[in-house]
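Colleague: Quick one, fold the following:
(chains A and B)
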Protein chains: 2
Amino acid sequence: MVSKNFKKNIKNFNDSIVKNDILKIANRVLTKDNLAIAKLIRTVEEEDPAGVEALEYLYKFTGKAYIIGVTGLPGSGKSTIINLLIKHYRNQNKDVGVVAVDPSSPISNGAILGDRIRMLEHSNDDKVFIKSIATRGHYGGLARSAIGIVNILDAAGKDIIIVETVGVGQTEVNISEFAHTTILTLVPEMGDYVQTIKAGILEVGDIFVINKIDKKNPTELYYNLNSIIKNKENRKEYFVWIPKIVLTDSLKREGFENLIQLIEEHKIFFDTYERQEYLKRRVIQEIRDEVLNYFENFFENNFRNYIESNVFSKNCINNELNPYTQSKDILKKLIIKLKTNNL
Amino acid sequence: MVSKNFKKNIKNFNDSIVKNDILKIANRVLTKDNLAIAKLIRTVEEEDPAGVEALEYLYKFTGKAYIIGVTGLPGSGKSTIINLLIKHYRNQNKDVGVVAVDPSSPISNGAILGDRIRMLEHSNDDKVFIKSIATRGHYGGLARSAIGIVNILDAAGKDIIIVETVGVGQTEVNISEFAHTTILTLVPEMGDYVQTIKAGILEVGDIFVINKIDKKNPTELYYNLNSIIKNKENRKEYFVWIPKIVLTDSLKREGFENLIQLIEEHKIFFDTYERQEYLKRRVIQEIRDEVLNYFENFFENNFRNYIESNVFSKNCINNELNPYTQSKDILKKLIIKLKTNNL
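Modeller: Numbering: from 1, shown residues only, chains lettered A, B, ... in the order given. The predicted structure follows:
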């Protein structure tokens, strides 16, 4: 959500830079320069190697932001919750970044942008940086560039970074591994959803928000959730967070203070018991994503066209050959090509 | 959904086979032997190389089944629709296979099995083979083994294969690329969902089912969907399927004949205009998945422990080093190791 003026500025800004300036841009990110932040994010999104160079440089300045994941099905009131969180942290004079990972079209490769009306009120606040990204690529859940963008916002001194994902299953798990505190938003109608996910739901949310309780009685969902949580509590190990439930009425804005308090509680718990393990897990995830991303790009850049144009795909179609045998052949070719490729 | 007796039989069966028998098992799959089908599916799920060997052999017997994707959010009535489809095709004396891809826990790596009560009535019908699989691994959407399992069921002479996925965004897209006809199930409450996905929804469903219309008035959702479809229709190119909407009342089982008729309509359209392009796309997807899967496994088997145990991950945590630089280093090591690895 950026103003017209900002868009104009960034256009001029883009025209004026050259690639060698990437470390200059990175240094401007450290001074909280929103134009530089936007530019560097774009570089990372475009998978420009210069983006990785900047991330390598900026990494030592990261680790200070508190990352809050907000996940849930469409229509469960994520935007409202995020908007209230932004307000709360701005009232505390904290810098806030938001990364919204949207489901996107595989054809247009475009994210659903520009319509997050409820966040618009922050668009003229230069201490709030909101970025929507598409879930490109075939890795599940978090968009490839999401972690990079969080690192940029972190280096840029954001105190709070909110990562919004629309999720079922795997996506939610990714964000809960990546955020410090994860909020899963639900609405009373989602009793079936909780039934489907069952105990798996405990892995994706530190705090469950049952939203829109004005619209439907939340008793059934609350009861289901609570019995899943109690089940965990009975097997309680020390130093394990027991997820909390909070009921909110987005219209009347009731229950929201309770949510804020639970976030603070979880933050203390996280810093005391979870942070060391989290850091290790996250570094491994970051390395893994970078490595597999490299192979995926290498395959797409070197072999997709080869497969599409090669006659054997026609043979596969006619069942004379088969993709299993062919993939072994492609793999051999790919490894030979990898050897001669400079990293 | 298998009977106790079946489970006992397959246990004995497993104990009695050795790996070299994989082609014997594959040949028994061709004779519609349910024990052999179950065994081979397990082999593929376990990523046993023998499974790939069997798939290479069986591929030439595939391509006869009609694949119907059923996708939608939890609680949108997928199981009910699938159950009715099974009944319908069984009444036509067709063999039916069902592959249910469930969100799963990353920790237990277990799928949510055993509670698909509404499908239980088919459990003693040996012409219906139902398999639930977990969404393991980090590739989005379809579980790695889903395509392999569909190929096994196809070779085993299933006339209809139903693939159920729980999805938002990317997952739905994957299944719609892979199925011949994709049904997206919605309930009247999901107006917000459709608003979020917008035109992207046209890419994921050939037929939209608005289910549970007994519970809430579907007018708003119908209107939203219809205007998105009309928008596409106005830009109509020849030979492009215009998605259809069907209203169903699962309790009274109303609207279901309409759904069946629309599936038949789409099948004719698919066979006439879409099949050639589909076959090409699917072969490319199958090759791509096999290749990237190989790299993912290679990384996990050779480098995850290395990263976890290596001191530099501690250095990363202390921000002395960073995962971007380290991933380059890992990548170099990985490629060296790939060279010496026999495929």
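
Colleague: so A:G72 touches A:V194, yeah?
Modeller: No. Checked against C-beta atoms under 8 Å, the pair A:G72 and A:V194 is beyond contact range at 11.7 Å. All C-beta spots, glycine's among them, are computed from the backbone N, C-alpha and C.

Colleague: okay, these two: which has more neighbours?
Modeller: Between A:G72 and A:V194, counted using other C-beta atoms under 10 Å in any protein chain shown, A:G72 has the larger neighbour count: 27 against 21.

Colleague: Got the phi and psi for that one?
Modeller: phi 160, psi 170 (degrees, to the nearest 10).

Colleague: What separation do you get for it and chain B?
Modeller: To chain B, A:G72 is 10 Å away according to C-beta to the nearest C-beta, to the nearest Å.

Colleague: With A:E53 instead?
Modeller: As for A:E53, its distance to chain B is 8 Å (criterion: C-beta to the nearest C-beta).

Colleague: just to confirm, which helix or strand has that residue in it?
Modeller: helix A:49-58 (DSSP states H and E).

Colleague: phi, psi of the residue lying closest to A:K127 once chain neighbours are set aside?
Modeller: Nearest non-adjacent residue to A:K127, counting by C-beta to C-beta, 6 or more residues apart in numbering or on different chains: A:D95, 5.0 Å away. Per-residue torsions, A:D95: phi -80, psi 140 (degrees, to the nearest 10).

Colleague: I figured A:D95 hits A:D159, correct?
Modeller: Yes. With contact defined as C-beta under 8 Å, A:D95 and A:D159 form a contacting pair (5.0 Å).

Colleague: So these two - more neighbours on which side?
Modeller: The residue with more neighbours, out of A:D95 and A:D159, is A:D95; 20 against 16, by other C-beta under 10 Å.

Colleague: sorry, back to before: show me the residues around the residue nearest to A:K127 that make contact.
Modeller: Residues near A:D95 by C-beta atoms under 8 Å, 6 or more residues apart in numbering or on different chains: A:K32, A:K127, A:V128, A:A156, A:G157, A:K158, A:D159, A:I160.

Colleague: name the element the first one belongs to?
Modeller: Put plainly, it is A:K32. Going by DSSP H and E, A:K32 is not part of any helix or strand.

Colleague: can you give me the mean pLDDT across the strand or helix carrying A:A100?
Modeller: In the assignment (DSSP H and E), A:A100 maps to strand A:96-102. Averaged across strand A:96-102, the pLDDT comes to 84.

Colleague: what do you get for stretch A:183-193?
Modeller: Mean per-residue pLDDT for stretch A:183-193: 81.

Colleague: ok, now stretch A:126-137?
Modeller: For stretch A:126-137, mean pLDDT is 76.

Colleague: try stretch A:264-281
Modeller: Regarding stretch A:264-281, the rounded mean pLDDT is 91.

Colleague: Likewise for stretch A:34-43?
Modeller: Here the average pLDDT along stretch A:34-43 is 94.

Colleague: Same check on stretch A:327-342?
Modeller: 82.

Colleague: Show me where the stretch 101-250 of chain A has its strands.
Modeller: A:128-134, A:160-166, A:181-186, A:207-210, A:244-247 (DSSP state E, counting those that start in this stretch).

Colleague: Can you mark which positions in stretch A:87-101 are buried?
Modeller: A:H88, A:Y89, A:R90, A:D95, A:V96, A:G97, A:V98, A:V99, A:A100, A:V101 (16 or more other C-beta atoms under 10 Å in any protein chain shown).

Colleague: Which residues are in contact with the first one?
Modeller: Taking C-beta under 8 Å, 6+ apart as the definition of contact, the neighbours of A:H88 are A:I260.

Colleague: just checking, it is part of a helix?
Modeller: Yes. With DSSP: H, G, I helix; E, B strand; the rest coil as the criterion, A:H88 is located in a helix.

Colleague: Kindly confirm whether my reading is correct that A:S76 touches A:E189.
Modeller: No. Using C-beta under 8 Å, A:S76 is not in contact with A:E189; the gap is 9.2 Å.

Colleague: More neighbours: those two, which one.
Modeller: Ranked by neighbour count (other C-beta under 10 Å), A:S76 and A:E189 place A:S76 first, with 25 against 22.

Colleague: Now do the SS call for that one.
Modeller: Taken by three-state DSSP, the conformation at A:S76 corresponds to coil.

Colleague: so how far is chain B from it?
Modeller: On the measure of C-beta to the nearest C-beta, A:S76 and chain B end up 8 Å apart.

Colleague: next one: A:K230
Modeller: According to C-beta to the nearest C-beta, A:K230 and chain B sit 19 Å apart.

Colleague: What of A:L221?
Modeller: Taken as C-beta to the nearest C-beta, the span from A:L221 to chain B is 11 Å.

Colleague: And A:G51, by the same measure?
Modeller: Counting by C-beta to the nearest C-beta, the gap from A:G51 to chain B is 10 Å.

Colleague: That residue against A:I149, yeah?
Modeller: No. A:G51 lies out of contact with A:I149 (C-beta under 8 Å); the separation is 10.0 Å.

Colleague: Could you check how many residues crowd around A:A156?
Modeller: 27.

Colleague: So what does it have for phi and psi?
Modeller: According to degrees, to the nearest 10, A:A156 has phi -80, psi 10.

Colleague: again with the one 3 residues further on
Modeller: In this entry, A:D159 is assigned phi and psi values of phi -80, psi -40 (degrees, to the nearest 10).

Colleague: What of A:G205?
Modeller: Dihedral angles (degrees, to the nearest 10) for A:G205: phi -130, psi 130.

Colleague: mind listing what the closest residue to it other than its chain neighbours touches?
Modeller: Spatially, and ignoring its direct neighbours in sequence, A:G205 is nearest to A:L184 (3.3 Å; C-beta to C-beta, 6+ apart). Residues in contact with A:L184 (C-beta under 8 Å, 6+ apart) are A:T71, A:G72, A:E172, A:I201, A:V204, A:G205, A:I207, A:F208, A:V209.

Colleague: No further questions, thank you.
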